[in-house]
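Visitor: Could you work out the structure for the sequence below:
(4 chains)
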There are 2 protein chains.
Amino acid sequence: MATLKEIARLCNVSVSTVSKVLNGKGRVGESKRRKILKVAKEIGYTPNYHARRMVEKSKILTIGLIVPDISNPFFSTLTRGIEKTCGENVLVILMDSFRNLDREEKLIKNARFRGIDGLIIGNSRVNDDLVLEISRYIPIVVFDKDYELKNTVSIILDNKHGARLATTHLIKNGCRKIVHLSGTSELYVSVQRIEGYTLAMKENNLEPKVYLTGYDEKSGYKKMKELLSKNEKFDGVFCVNDLVAIGAIKALKENNMRIPEDVSIVGFDNDEELCEIITPSLTSIHQPVEEMGEIAARSLINLIENGDSKIKKYVFSPRLVIRESSIRNRGEYSV
Amino acid sequence: MATLKEIARLCNVSVSTVSKVLNGKGRVGESKRRKILKVAKEIGYTPNYHARRMVEKSKILTIGLIVPDISNPFFSTLTRGIEKTCGENVLVILMDSFRNLDREEKLIKNARFRGIDGLIIGNSRVNDDLVLEISRYIPIVVFDKDYELKNTVSIILDNKHGARLATTHLIKNGCRKIVHLSGTSELYVSVQRIEGYTLAMKENNLEPKVYLTGYDEKSGYKKMKELLSKNEKFDGVFCVNDLVAIGAIKALKENNMRIPEDVSIVGFDNDEELCEIITPSLTSIHQPVEEMGEIAARSLINLIENGDSKIKKYVFSPRLVIRESSIRNRGEYSV
DNA sequence: CTGAAAGCGCTAACAC
DNA sequence: GTGTTAGCGCTTTCAG
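Guide: Numbering: from 1, shown residues only, chains lettered A, B, ... in the order given. Here you go, the predicted model:
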C-alpha cells in the first residue's frame, strides 16, 4: 500500500515533510516538493481515511439511513430530501431492511460499530426499547413515532388529521357508506389514520368500517375484490396509501363500478406520478416528504454536533389534493 | 469520550485487559471481567471505528454509489439490487448528484478521500478522462458505458437490440408509420436506441423518423402535441422510456386518438407500476434493473478484493413485455 | 491471568 | 526548511 512512509523512503525525506507537501502546509524546498508530488502520483497514493480521522477532529459526519424499501417512492423521495441537506461533509450510509424486522434490528444495533455518528430510521416497526437503548450511544431521528428521549428527534405527519381530512371530504361530497382500507394494525401510521377516519365518521353520525390490508397494490386489489364478492355496500373508500387505492380502483373497474359516480375514492401520500396517471386521477392526502427528509437530516446533524436538540418533535400537516376520483357532478361540493 | 483507556483507569486494569474482555478474547479473571463489562456499559462505550480499522485488516468494505436522481424508479430499483448484494459487511454510501455535472465530478473525485473502497456510477455524463484517472486509485463499475480499463467493469443493456425488438413488434403488429421519441442525442443510451429503431425500420423498408425529446413525462407530452398539431401522420410510436410514453399517451388521448387502434405505442424500462396503471396498459422493453444492480455490486466487491476482474463487461438482454397499448385486434399478430 | 510495548498511518508541535 | 517525537484508540504479540 502506498503510504507516507513509502513516499518518504522513496524520496529520502521524513514522513512529516511528505505530509506537509501533500497537505500544502509549512514550507518545503522546491526540489523536494516536486519530487514528492511526483512520486506520490506515480505510486497512486491516497491518504488513509481512517488514520486521518483518528488524528484530526474531522468535520466529516457519517449518518446512517434505514428504510424498509428504497424502491418505494415515499422512501426514495425522503432519501432525496436527506441527500439534499447533506453537503460535501456528510456521508449517508443507506441501509435497506427489505421490511425484514430482524435485519432492521441488526442494522440499528450495528450502526455504531460501523463508524456511524447518527441514525435516521424511516417508519420502522422495531420496538421502543431498542430505540431507547441505542439512543444512549448515538442520536436518532425517527419517523412517525413519538419519543421523548434525550438523544432523539421525532418527525411526524399528523396522520389523524390527514385521515379526517380525507374522510370528511368524501362525506361532504355526498358519500355516506365509507369504508377504510387501513394497512396493518401494527404500524403506528395506520393506527393514527384509523383514528382520524373513525373520528370523522362519528362526527357525522356515520358508521366506520375498517378493513385491514397490506401496503401495496396487490393487497388493495385483493381486499376490494373480497368486499365486492361479499356484496358489501359502500359509496366511498379511504385508503391507507396510494398504492392500495390503485389496487382498489383496479378491482372496482373490473366489476364495472363507476368512479367516482358509484364509488368515490381517496388515497394517501399523493405520489403525483401515480395519482395523475391513473384513470380517473386519484384524490390523495399530500405529505411534504422531501421537506421532511430535509428536516430529518438537519435535526440529526444538529443532534450529533450539539448533543441535544431544543426541538424534539416536528409535526407536519397533511393537505388534501382533490382530483377526479372523488368529485361527483352533483353540485353538492366543489373545489 | 469513552475509550478503552478510560475504562482501564476506572477499573484499575490495563488497556489490553479491557480490550480482551470486550472482544471476548484471551482469559481474564471473572471479577475483573464483570467489572469491566459493567463500567463499559455505564459510560456508554463504543469502540472507535477508525481506530479499529487502522489496526485490523477489517473485512468491512465501503462502496460509493452515485446516481443522478434517487427518486427516479430506475435508480431506486438499481439501488435496491445493490443493497441486496451487500450483506453485513459492505457499507453503501449513497450520493445523489441531482443531475448536476459539477457535483457529480466532485463526488467522484472526492470518493477516495472519504474512505470509499470502490465506486458504482449509475448512468453518468462525466467525461471518460475522469473515469480513467480515478480508476487508477479505486475500482469503478459504470453503467451504460463501455470502458476497457484495468480497474473497471461495465454493465450494459443491449439498448440497440431492445429498440429493435420494440420497433419490430410494432411492425409485425401492423404499424407502418412509426416515429421514435428518442430523448437527447448526448446520452449513449439514446444513441443506441435510435440505432436499433432505425435498423428495424430499414430492415422492413420503412422510413425512420426520430424526434428528440427529454426523458420525462412532460417532454413526451409536449413533443406528441407538437406532432399532432403539425398533422404528422403515424400509426406507431416507440418511446425512449416509459415516462415519455406516458406523456405521449396523454396527448394522444386528449386528441381523441384511440390506442392501440389508431396509434400503437411502446415504451422502455418496463416500470411495472407505471405500465400497468395507465390505461391502456403500456407495452414496454424490460431491463432487469435489480439484477443489474446485484451484478454491479458483486463485480465491484470482486474488483476491490482481487484488484482485477476477468469479466470486464456484462451485457444484459432486454425483453419485450406486451400489454394493451400495442395489440390491435386485427389478428395480424398475437402473443 | 495480566500488563507492557509495539505499531496501524497520519498530523502537529517542537526542536534543530 | 527539515526531521524527531508524541499521540489519536485500538489490537496483538510477548514476557512475566
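
Visitor: Can you show me the helices along the stretch 201-335 of chain A?
Guide: Per DSSP state H, counting those that start in this stretch, the stretch 201-335 of chain A carries helices over the ranges A:217-229, A:242-254, A:272-277, A:289-306.

Visitor: residues of the helix or strand hosting A:E6 that come out buried?
Guide: Assignment of secondary structure by DSSP states H and E places A:E6 within helix A:4-11. Residues of helix A:4-11 classed as buried: A:L4, A:E6, A:I7, A:A8, A:L10, A:C11 (neighbour count, 16 or more other C-beta atoms under 10 Å in any protein chain shown). In short, each C-beta sits where N, CA and C put it, glycine included.

Visitor: Which of these lies at the shortest distance from DNA strand D?
Guide: Distance from DNA strand D was checked for each of the buried residues of helix A:4-11 by C-beta to the nearest atom of the strand. The minimum falls on A:A8, at 7.6 Å.

Visitor: any residue of the lowest-mean-pLDDT helix or strand in chain A up close to chain B?
Guide: Lowest by mean pLDDT, DSSP states H and E among the helices and strands of chain A is helix A:272-277, with a mean of 88. Yes - in this structure, helix A:272-277 sits against chain B according to C-beta under 8 Å from any C-beta of the partner chain; the contacting residues are A:E273, A:L274, A:I277.

Visitor: helices or strands next to that helix in the packing?
Guide: Counting by 3 or more C-beta pairs under 8 Å, 6 or more residues apart in numbering or on different chains; DSSP states H and E, the packing neighbours recorded for helix A:272-277 are helix A:242-254, helix B:272-277.

Visitor: what's next to the first one, contact-wise?
Guide: Think helix A:242-254. Contacts of helix A:242-254 with the rest of the structure, by C-beta atoms under 8 Å, 6 or more residues apart in numbering or on different chains, involve A:181, A:183, A:213-225, A:228, A:237, A:239, A:259, A:262-263, A:265-271, A:274-275, A:278, A:282, A:284, A:325, B:277.

Visitor: Drop anything exposed from those.
Guide: Neighbour-count burial (16+ other C-beta under 10 Å) is assigned, among those, to A:181, A:183, A:213-217, A:219-225, A:228, A:237, A:239, A:259, A:263, A:265-271, A:274-275, A:278, A:282, A:284, A:325, B:277.

Visitor: State the distance from the nearest residue to A:K25 once chain neighbours are set aside to chain B.
Guide: Taking C-beta to C-beta, 6 or more residues apart in numbering or on different chains as the measure, A:K25 lies nearest to A:S19, with 7.8 Å between them; neighbours along the chain are not counted. Using C-beta to the nearest C-beta, to the nearest Å, one gets 15 Å for the distance from A:S19 to chain B.

Visitor: what about A:S19, how many neighbours?
Guide: For A:S19, the count of nearby residues is 16 (other C-beta atoms under 10 Å in any protein chain shown).

Visitor: quick one on the thing from earlier: would CSV of the helices and strands packed on helix A:272-277 with distance to B:K209 be doable?
Guide: Written out in CSV, the entries for these read as follows (distance: least, C-beta to C-beta, whole Å):
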stretch, distance to B:K209
helix A:242-254, 35
helix B:272-277, 24
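
Visitor: Compare those and report which one is nearest to DNA strand C.
Guide: Closest approach to DNA strand C among the helices and strands packed on helix A:272-277 (C-beta to the nearest atom of the strand): helix B:272-277, 46.6 Å.

Visitor: Give me the contacts around the closest one.
Guide: Under the contact criterion C-beta under 8 Å, 6+ apart, helix B:272-277 has outside partners A:217, A:246, A:273-274, A:277-278, B:73, B:242-243, B:246, B:267, B:281-284, B:321, B:323.

Visitor: do that again at 6 Å, thanks
Guide: When contacts are defined by C-beta atoms under 6 Å, 6 or more residues apart in numbering or on different chains, helix B:272-277 is touched by residues A:I277, A:I278, B:D242, B:L282, B:S284.

Visitor: partners of the residue lying closest to the third one once chain neighbours are set aside in the sheet?
Guide: By that I understand B:D242. In space, not counting the residues next to it along the chain, B:D242 is nearest to B:G267; the distance is 4.0 Å by C-beta to C-beta, 6+ apart. Beta bridges link B:G267 to B:S284, judged by DSSP bridges.

Visitor: what pLDDT does the residue of the stretch 151-300 of chain A found nearest DNA strand C get?
Guide: Going by C-beta to the nearest atom of the strand, DNA strand C is nearest to A:L300 of the stretch 151-300 of chain A, at 26.2 Å. Turning to A:L300, the model gives it a pLDDT of 97.

Visitor: repeat for the one 3 residues further on
Guide: According to the prediction, A:L303 has pLDDT 95.

Visitor: Surely it touches A:S309?
Guide: Yes - taking C-beta atoms under 6 Å as the contact criterion, A:L303 and A:S309 are neighbours in contact, 5.1 Å apart.

Visitor: on that earlier part again, packing partners of the helix holding A:E6?
Guide: Helices and strands touching helix A:4-11, as assessed by 3 or more C-beta pairs under 6 Å, 6 or more residues apart in numbering or on different chains; DSSP states H and E, comprise helix A:15-23, helix A:30-42.

Visitor: where does the stretch 201-335 of chain A have low pLDDT?
Guide: When residues are selected by pLDDT under 70, those of the stretch 201-335 of chain A lie in A:329-335.

Visitor: near chain B, which residues of it?
Guide: Remark: the part of the stretch 201-335 of chain A in contact with chain B comprises A:I277, A:I278, A:T279, using C-beta under 6 Å from any C-beta of the partner chain.

Visitor: What about the last one, how many residues nearby?
Guide: Applying the criterion other C-beta under 10 Å, we find 16 residues in the vicinity of A:T279.

Visitor: Setting aside sequence neighbours, what's the nearest residue to A:R80?
Guide: Among residues not flanking A:R80 along the chain, B:S71 sits closest, at 4.6 Å (C-beta to C-beta, 6+ apart).

Visitor: for A:I295, that is, sorry about that
Guide: In space, A:I295 is closest to A:Y314, 5.6 Å off (C-beta to C-beta, 6+ apart).

Visitor: Can you report how many residues neighbour that neighbour?
Guide: By other C-beta under 10 Å, 17 other residues sit near A:Y314.

Visitor: That one touches A:L157, doesn't it?
Guide: No - taking C-beta under 6 Å as the definition, A:Y314 is not a contact partner of A:L157, at 9.5 Å.

Visitor: mind checking the end-to-end distance for stretch A:259-277?
Guide: End-to-end distance for stretch A:259-277, by C-alpha to C-alpha, to the nearest Å: 15 Å.

Visitor: and it, how far from the chain's centre?
Guide: Averaging C-alpha coordinates over stretch A:259-277 and over its chain gives two centres that are 21 Å apart (C-alpha atoms, centre = their mean, to the nearest Å).

Visitor: Quick check: residues of chain A near DNA strand D?
Guide: Within chain A, the positions adjacent to DNA strand D are A:12-17, A:20, A:26-29, A:32-33, A:51, A:54-55 by C-beta under 7 Å from any atom of the strand.

Visitor: Try it again at 6 Å.
Guide: Along chain A, the residues adjacent to DNA strand D under the rule C-beta under 6 Å from any atom of the strand are A:V13, A:S14, A:V15, A:S16, A:T17, A:G26, A:R27, A:V28, A:G29, A:K32, A:M54, A:V55.
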